[in-house]
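Trainee: sharing a model that was predicted from the sequence below.
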Amino acid sequence: MSASLPSTLDTFTTIETRRAIKSFKEEAIPPEMLRRLLELTVAAPSSYNLQDWRIVLVQSTEQKQALAEAAFGQPQVLQAPVTFVFTASTTAWQDEALMDQIYQTALERGAWPQKTVDYFKSAIPQFQENLGDRRREYAIKDAMIAATHTALAAQAMGLASCFMNGWQEEAVKKVIGAENRSDIVVALLLPIGYAAEPRQNPGRLPLSTNVFVDSLNTPFKAVE
Ligand SMILES: Cc1cc2nc3c(=O)[nH]c(=O)nc-3n(C[C@H](O)[C@H](O)[C@H](O)COP(=O)(O)O)c2cc1C
């Protein structure tokens with residue numbers, strides 16, 4: 001890691017200390033940190049490695065104001081130096097040039113043999129066509145996993161974030177110039193920056209409430 005990047009928290013501490021931060025300082029994120037954050041974001045897995053997230057970094061005052069309006073006036077979006085708008089493309093799999101790039105990269109790295117690539121060339125369109133209306137849901141899954149990578153990587157490097165569902169999709173699409181893109185779906189808004197104030201952990205339910213063994217009839221019992 002470069003000298004200008006901060007030392008990072010270990011994984012368990014990162015996960016346990018991340019909070020939904022509602023108030024950010026004006027302080028900008030150094031460009032090198034932002035670049036690293038993006039690299040760690042797209043290190044996320046995706047179905048068939050489609051990498052179908054389309055992430056818009058909203059940074060200008062004008063765009064932040066418009067985005068905050070689309071998010072029912074939530075102040076995090078106005079305050080944070082950047083909000084990652086996680087969208088996903090439901091048609092990435094139909095883009096031949098893009099798919100060729102994905103196959104070629106995996107072949108060159110020796111990660112996927114030609115046999116796998118040949119299989120994917122028929123399996124991916126078949127899988128996507130069978131999805132029908134669920135294509136939206138599946139694209140959003142990929143984007144949400146990437147967003148989780150961002151939030152945790154940010155926390156590990158001393159930044160804070162807030163996962164956000166509170167916005168109107170059509171309004172967000174308009175802000176990011178996607179109002180005429182039926183292939184683009186919005187997954188999440190994630191403001192990122194330096195926390196202006198800490199937040200308490202609101203706590204979690206006991207594991208026996210929402211974890212089960214083998215079936216939903218057997219709550220998980222942790223060993224004492
Ligand atoms: C998918 C998702 C959407 C959320 N949407 C919002 C939101 O629009 N505005 C907000 O202030 N917090 C939002 N939150 C934050 C949650 O309220 C917060 O994560 C939860 O209370 C647990 O707190 P913690 O993140 O500090 O552990 C959202 C969280 C998630 C995971």
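Mentor: Yes, it's here.

Trainee: all contacts plus neighbour counts: C-alpha atoms, from now on.
Mentor: Fine.

Trainee: and the contacts of the longest helix along the chain?
Mentor: When the chain is parsed with DSSP state H, its longest helix is helix 135-156. For helix 135-156, the external contacting residues (CA atoms under 8 Å, 6 or more residues apart in numbering) are 8-11, 14-15, 17-18, 37-38, 40-47, 51-54, 86-90, 128, 160-163, 185-188, 190, 192.

Trainee: among these, which are in strands?
Mentor: With strands taken from DSSP state E, the overlap with those comprises 53-54, 86-89, 160-161, 185-188, 190, 192.

Trainee: isn't A70 right next to K173, touching?
Mentor: No. With contact defined as CA atoms under 8 Å, A70 does not reach K173; the gap is 9.2 Å.

Trainee: what does this protein put close to the ligand?
Mentor: Where the chain comes near the ligand, counting by CA under 6 Å from any ligand atom, the residues are R19, A20, K22, C162, F163, M164, N165, G166, N201, P202.

Trainee: excluding chain neighbours, what is closest to the second one?
Mentor: Excluding its sequence neighbours, the residue lying closest to A20 (CA to CA, 6 or more residues apart in numbering) is C162, at 4.4 Å.

Trainee: ok, now which ones touch the one you found?
Mentor: R19, A20, I21, K22, Q76, A151, L190, P191, I192.

Trainee: turn those residues into a markdown table, columns for neighbour count.
Mentor: Output for those, formatted as a markdown table (neighbours: other CA atoms under 10 Å):
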| residue | neighbour count |
| --- | --- |
| R19 | 20 |
| A20 | 19 |
| I21 | 22 |
| K22 | 21 |
| Q76 | 25 |
| A151 | 25 |
| L190 | 26 |
| P191 | 30 |
| I192 | 28 |
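
Trainee: ok, of those, which one's closest to I102?
Mentor: A151 (25.3 Å; CA to CA).

Trainee: what is the burial count for K221?
Mentor: Applying other CA atoms under 10 Å, we find 13 residues neighbouring K221.

Trainee: any idea how far P206 lies from the ligand?
Mentor: Using CA to the nearest ligand atom, to the nearest Å, P206 is found at 14 Å from the ligand.

Trainee: is L98 part of a helix or strand, or is it coil?
Mentor: Per DSSP: H, G, I helix; E, B strand; the rest coil, the local secondary structure of L98 is helix.

Trainee: contacting residues for it?
Mentor: Per CA under 8 Å, 6+ apart, neighbours of L98: A92.

Trainee: kindly list the main-chain dihedrals of G177?
Mentor: Dihedral pair for G177: phi 80, psi 30, per degrees, to the nearest 10.

Trainee: oh, that last question was meant for N210, not what I typed.
Mentor: phi -130, psi 20.

Trainee: circling back: and of the residues of the chain next to the ligand, the nearest to A106?
Mentor: Closest to A106, out of all of the residues of the chain next to the ligand and judged by CA to CA, is F163, at 31.5 Å.

Trainee: run a quick neighbour tally on that closest one.
Mentor: Residues near F163, counting by other CA under 10 Å: 19.

Trainee: cool, and R135?
Mentor: By the criterion of other CA under 10 Å, R135 has 18 neighbours.

Trainee: for it, give me the pLDDT.
Mentor: Reading off the confidence values, R135 has pLDDT 98.

Trainee: then the one 3 residues further on?
Mentor: Y138 carries a pLDDT score of 98 in this model.
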